[in-house]
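> dropping a prediction and its sequence here:
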Amino acid sequence: MIGNLHWIDLCIIACYLVVVASIGFAYSKRQVDLEQYFLAGRGMRWLPIGLSLMACLNSGIDYLMQPSAVMRYGLVMILSVFSWLLLWPWVARVTLPFYRGLNVFTAYEYLERRFSVNVRTLAASIFLLWRIGWIATALYVPCLVISAASGGSLPLVPTILVLGSVVIFYTSLGGMKAVIWTDVIQFFVMFGGLAITVWIALSHIPGGVAEVWNTASDAGKTVLFAGPDKSPGAGFLERIGPWFTTDMTAIVFAPICMNASVAAR
């Protein structure tokens with residue numbers, strides 16, 4: 001036992017890291033040109049690509065932030081998900097065919113062709129700064145949870161260095177195919193674990209789903225459309241929280257982030 005982590009938990013984590021690192025090493029021998037490395041040889045099917053996108057657009061941030069946000073604001077948070085229903089057809093019918101027809105490795109290569117190398121450099125720099133900040137947070141949050149679950153027996157900084165090194169190893173060596181297939185594994189781990197967690201939680205609540213819904217309804221958390229909190233004690237974030245989460249994220253940031261992520265891949 002290390003804190004609250006059983007030796008079985010540690011074995012599962014270690015085996016998982018070995019598996020994803022092995023995938024990167026296995027695919028490293030198949031990288032013969034840039035098309036294989038960056039575009040997976042343009043031969044991947046839609047299912048693993050779709051699962052990969054679903055996995056890479058979720059992280060430890062979502063697992064910790066979303067439950068607390070829903071508990072605080074209620075089902076109004078789900079409105080941000082509806083933006084994907086408008087986004088997916090556009091990406092599938094416009095964005096992806098457009099970039100595929102250009103026969104380029106990245107969207108930034110197109111920007112240089114269309115405008116100039118300065119535009120390409122500016123766009124790439126903005127994207128890198130944004131992703132570095134996001135990835136750093138996405139890596140820090142789950143490592144913080146692991147450290148807390150172990151009671152501090154697994155130090156935070158070494159945990160970050162180990163996990164970060166494994167990720168760099170398999171992505172650098174294996175290229176896009178390694179990234180896609182490790183994302184597929186992560187998809188089943190994340191969403192399978194989430195489904196099991198929900199099932200275990202509901203099985204221990206008298207009344208099950210009905211009781212959860214009634215309790216949330218009594219607390220006013222089942223309203224889909226809610227304005228800002230105007231109560232006297234509400235702070236700035238409470239006042240803008242629901243509006244920012246639904247309107248700003250769904251309408252502005254989600255399309256930009258999705259298009260940038262897809263184009264970068």
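Thanks, I have the structure now.
> which pLDDT value does the model give residue 257?
Per-residue pLDDT puts residue 257 at 40.
> please, where are all the strands along this structure?
For the chain, applying DSSP state E gives no strands.
> where does it have low pLDDT?
Applying pLDDT under 70 to the chain flags residues 1-4, 224-265.
> identify the residues contacting the residue most central in space within it.
The centroid of the chain falls nearest to residue 58 when counting by Cα atoms, centre = their mean (2.0 Å). For residue 58, the contacting residues are residue 190, by Cβ atoms under 8 Å, 6 or more residues apart in numbering. For the C-beta atoms, the positions are set from N, CA and C on the backbone; glycine is no exception.
> now do the phi/psi pair for it.
phi -120, psi 150 (degrees, to the nearest 10).
> now it: how far from residue 70?
Per Cβ to Cβ, to the nearest Å, residue 58 is found 15 Å from residue 70.
> number of residues surrounding the residue lying closest to residue 25 once chain neighbours are set aside?
Distance criterion Cβ to Cβ, 6 or more residues apart in numbering; nearest residue to residue 25, sequence neighbours excluded, is residue 173 at 6.1 Å. Counted with other Cβ atoms under 10 Å, the neighbours of residue 173 add up to 18.
> dump the residue contacts of residue 173.
Neighbour list for residue 173: 24-25, 27-28, 31 [criterion: Cβ under 8 Å, 6+ apart].
> can you pull the phi/psi pair for residue 106?
phi -140, psi 160.
> ok, it to residue 120 distance?
9 Å.
> repeat for residue 86
Distance from residue 86 to residue 120, by Cβ to Cβ: 28 Å.
> the two: who's more crowded?
residue 120 (19 against 12).
> what about the closest residue in space to residue 189 that isn't next to it in sequence, how many residues nearby?
Leaving aside its sequence neighbours, residue 189 sits nearest to residue 16 (Cβ to Cβ, 6+ apart; 7.3 Å). Applying other Cβ under 10 Å, we find 15 other residues in the vicinity of residue 16.
> help me confirm that residue 16 comes into contact with residue 186.
No. The pair residue 16 and residue 186 does not pass the contact test of Cβ atoms under 8 Å, sitting 9.1 Å apart.
> contact partners for the residue nearest to residue 137 when sequence neighbours are not counted?
Counting by Cβ to Cβ, 6+ apart, the nearest residue to residue 137 once its immediate chain neighbours are dropped is residue 61, at 6.1 Å. Neighbour list for residue 61: 137-138, 141 [criterion: Cβ under 8 Å, 6+ apart].
> quick one: buried ones out of the residues you listed?
Applying a neighbour-count criterion of 16 or more other Cβ atoms under 10 Å, the buried members of the contacts of residue 61 are 138, 141.
> any idea which of the contacts of residue 61 is closest to residue 74?
Nearest to residue 74 among the contacts of residue 61, counting by Cβ to Cβ, is residue 141 at 23.1 Å.
> great, nothing more from me.
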